[in-house]
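**Q** heads up, no residue letters with this:
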Ligand code: CDP
């Protein structure tokens, strides 16, 4: 039996952490769809054509070590506005969502475009300042020397590009639970998501 959980929201709102935790809790598979766009963005930084990179994407490409950098994040949000890039990635994501045993997908358009019939839809958000602080600490732990102000500017630029694009703009899906994590601990945010999923099972 399939059971799809769609978790969308802006950069560093907590989607990844919440998705991994609820997937482990319910024994569901998890797909971080941002990695698909990051892998395409990384190939473009190496000189590839964006559409060809998306059409030829392989599972190994998602393992590349540098996909979490701020530079790749910006490149990802630039390729993500290209309709042909998005189209090339749809079938893989839809098949993942409907695999046997349940699936959690996190991204920007899971509840709106990829899986509008998901059993549970959650839009995870937080204030830009809180998100920038979280991403700043993550990047610093990974060796980045970016300042908090630079990270905030990056997050705001990506938010604008992701929500203003014509194809699959980031926005809460109809019927999505809005989960603002600005004032919540990780455990509290995970508990809200877990409860919402348990209520639908
Ligand atoms: O981890 P973070 O939230 O910062 O970003 P991500 O989820 O890895 O996504 C990187 C970029 O990919 C986003 O800024 C979007 O432009 C794009 N993306 C998208 O367009 N649609 C998705 N389903 C997932 C990511």
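**A** Right, received. Where do you want to start? Quick caveat: nothing in here was measured; it's all calculated off a predicted structure.

**Q** This structure: helices as residue ranges?
**A** 15-26, 34-45, 50-55, 70-79, 83-97, 128-141, 148-164, 186-200 (DSSP state H).

**Q** Could you pull out the buried residues of the longest one?
**A** Looking back up the chat, that one is helix 148-164. Of the residues in helix 148-164, 151, 152, 154, 155, 158, 159, 161, 162 count as buried by neighbour count, 16 or more other C-beta atoms under 10 Å. (Glycine included, C-beta is placed from N, CA and C.)

**Q** Kindly report the same for the second one.
**A** When neighbours are counted by 16+ other C-beta under 10 Å, the buried residues of helix 34-45 are found to be 34, 35, 36, 37, 38, 39, 40, 41, 42, 43, 44, 45.

**Q** ok, the fifth one - contacts?
**A** Pointing back at residue 38 there. Residue 38 makes contact with 67, 68, 72, 73, 75, 76, according to C-beta atoms under 8 Å, 6 or more residues apart in numbering.

**Q** sorry, back to before: reformat the buried residues of helix 148-164 as JSON lines; add distance to the ligand and pLDDT.
**A** Compiled in JSON lines, the buried residues of helix 148-164 are given as follows (distance: C-beta to the nearest ligand atom, whole Å; pLDDT from 0 to 100):
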{"residue": "151", "distance to the ligand": "10", "pLDDT": "98"}
{"residue": "152", "distance to the ligand": "13", "pLDDT": "98"}
{"residue": "154", "distance to the ligand": "9", "pLDDT": "96"}
{"residue": "155", "distance to the ligand": "8", "pLDDT": "96"}
{"residue": "158", "distance to the ligand": "4", "pLDDT": "96"}
{"residue": "159", "distance to the ligand": "8", "pLDDT": "96"}
{"residue": "161", "distance to the ligand": "6", "pLDDT": "97"}
{"residue": "162", "distance to the ligand": "5", "pLDDT": "97"}
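
**Q** just curious, which of those is nearest to residue 107?
**A** residue 162 (10.0 Å; C-beta to C-beta).

**Q** Apart from its chain neighbours, what residue comes closest to the residue nearest the centre of the chain?
**A** Nearest residue to the geometric centre of the chain (C-alpha atoms, centre = their mean): residue 107, 2.8 Å. Excluding its sequence neighbours, the residue lying closest to residue 107 (C-beta to C-beta, 6 or more residues apart in numbering) is residue 33, at 3.6 Å.

**Q** burial measure for residue 24, as a count.
**A** 12 (other C-beta atoms under 10 Å).

**Q** where does the chain come near the ligand, residue by residue?
**A** 11-12, 16, 33-34, 37-38, 73, 76-77, 80, 107-109, 158, 162 (C-beta under 6 Å from any ligand atom).
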